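Chemist: Got a predicted structure plus its sequence, pasted below:
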Amino acid sequence: MSLFLRILSFILFIFVISSCSSPQDTDSKLNNSNKQKRYGIKSGILVFELKGQDEGTRTVYFDQWGLLETWDDEIIHTVMGMSEKHHHRTIHIHDFVYAVDLITNTAQQFEIDDFDKQIAKTWEVAKIKQERLYMEQGGIFIGNEKVHSYTCAIWKFDNKTFWIWNGITFQIKEETNTDSYANVVKKINLNATIDPALFTLPQGIIILDDLNSP
């Protein structure tokens, strides 16, 4: 699998199941919702350090309580001593994700099938819905741990572990048979003012029909 496809599959996995927190048993709260919130914070900017075979920086921008989110990755991918620079941007607009390669100026568009299970009128309801989705995907709640003074819930899914606060992922670790990867937050700016242009496709981007298009 190419680096772009591997990163894309990992990002889509995170968008579907990483917005979870500590489990609750409150069925009564799961009632009518207007699908307005995915996170417990309206907006923010997070800067991550990427460690492993892919090293670099990921900057996450989100607004509208997580209904809009963009990841900007500038990484160096190293295999057998050979390094290559990559610049990817993943734009999450409600129930669609656009995976953009800013070097080839191409993009893929995907619809998130389970997006309705992540959002609700209030964050309290959205959190419960997300926890259920996470457990449906085989996630296990491990406990809580502080990251930069924020108490995060720790969820484990197979070889991936997430540290999550108010639905927002602060840390990710992944272990495979041959490699290990980590996304660790270094800077947190919550309730920030976000440039709306970050949630639109850059000019000149060509949306490909399928993953095998040139």
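Modeler: Everything's here; your move.
Chemist: immediately after the helix or strand of the chain with the lowest mean pLDDT, which helix or strand?
Modeler: None of the helices or strands of the chain scores lower by mean pLDDT, DSSP states H and E than helix 3-17, at a mean of 51. Following helix 3-17 in sequence order, the next helix or strand is strand 44-51 (DSSP states H and E).
Chemist: Output that following strand as PDB, restricted to C-alpha atoms.
Modeler: Presented in PDB, the C-alpha positions along strand 44-51 are these (Å, rounded to 0.1, in the frame of the first residue of the first chain):
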ATOM      1  CA  GLY A  44      -9.400  25.000  18.000                       C
ATOM      2  CA  ILE A  45      -6.000  24.600  16.600                       C
ATOM      3  CA  LEU A  46      -3.800  21.600  17.600                       C
ATOM      4  CA  VAL A  47      -0.200  21.000  16.500                       C
ATOM      5  CA  PHE A  48       1.100  17.400  16.700                       C
ATOM      6  CA  GLU A  49       4.600  15.900  16.400                       C
ATOM      7  CA  LEU A  50       4.500  12.700  14.200                       C
ATOM      8  CA  LYS A  51       7.000  10.000  15.200                       C
END
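Chemist: gap between that strand and the chain center?
Modeler: On the basis of C-alpha atoms, centre = their mean, to the nearest Å, strand 44-51 sits 11 Å off its chain's mean C-alpha point.
Chemist: Repeat that for stretch 166-186.
Modeler: On C-alpha atoms, centre = their mean, the centre of stretch 166-186 falls 11 Å from that of its chain.
Chemist: Quick check: end-to-end length of that stretch?
Modeler: End-to-end span of stretch 166-186 (C-alpha to C-alpha, to the nearest Å): 17 Å.
Chemist: what residues does it touch?
Modeler: Contacts to stretch 166-186, defined as C-beta atoms under 8 Å, 6 or more residues apart in numbering, come from residues 10, 14, 18-21, 38-41, 44, 46-54, 58, 62, 66, 123, 126-127, 130, 147-148, 150, 152, 159-164, 188. Backbone N, C-alpha and C define where each C-beta goes, glycine included.
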